[in-house]
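Visitor: I would like the atomic coordinates for the input below:
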Amino acid sequence: QVHLVESGGGLVQAGGSLRLSCAASGSTFSNYAMGWFRQAPGKDREFVASLSRSGGGTSYADSVKGRFTISRDNAKNSVYLQMNSLKSEDTAVYYCAAGFLWSRAPAQYDYWGQGTQVTVSS
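Guide: Below is the predicted model:
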């Protein structure tokens, strides 16, 4: 079992930056690949970024590539999402997730946080 808690969301102007954090507890963090997903009102949950267990492999949605960076600190049991050059279309609830397979598919992740709201004003 892994318990995930996101933080760092908020309101930011377009062009600004935010750094999301996700703290994990309850199991060996380095055993899990980690992902960030988001869900805007009226839309399906979508993939944002993912990171392999070691942190050596990353994957990004085309919509965030070059603007967002996912990273992890296994010593701190945490994963991060640095978001730069934010756009209004990035507005959503952002979720971190943990799974045994490094994947872009939500169904491959077994554990989810409660989400943190990111609102980008234009």
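Visitor: what's near enough to touch residue 114?
Guide: 5, 6, 95 (CB atoms under 8 Å, 6 or more residues apart in numbering). For the C-beta atoms, the positions are set from N, CA and C on the backbone; glycine is no exception.
Visitor: Need the contact partners of the helix or strand hosting the second one.
Guide: By that I understand residue 6. Counting by DSSP states H and E, the element that carries residue 6 is strand 3-7. Under the contact criterion CB under 8 Å, 6+ apart, strand 3-7 has outside partners 20-26, 94-98, 111-116.
Visitor: and the residues you listed, which are buried?
Guide: 20-24, 94-98, 111-113, 115-116 (16 or more other CB atoms under 10 Å).
Visitor: Report the buried residues of the helix or strand harbouring residue 71.
Guide: Element membership of residue 71 [criterion: DSSP H and E] is strand 68-73. By neighbour count on 16+ other CB under 10 Å, the buried set for strand 68-73 is 68, 70, 72.
Visitor: neighbouring strands for that strand, and are they parallel or not?
Guide: If you go by DSSP bridges, strand 68-73 pairs up with strand 78-83 (antiparallel).
Visitor: Residue 54 is in contact with residue 31, correct?
Guide: No - taking contacts as CB atoms under 8 Å, residue 31 lies outside contact range of residue 54: 11.0 Å.
Visitor: Now do the SS call for the residue nearest in space to the middle of the chain.
Guide: Nearest to the geometric centre of the chain sits residue 36, at 2.4 Å (CA atoms, centre = their mean). Following DSSP: H, G, I helix; E, B strand; the rest coil, residue 36 is assigned to strand.
Visitor: and if you look at residue 30?
Guide: Residue 30 ends up helix, using three-state DSSP.
Visitor: if we can go back for a sec, need the contact partners of the strand holding residue 71.
Guide: 34, 36, 48-51, 55, 58, 60, 78-84.
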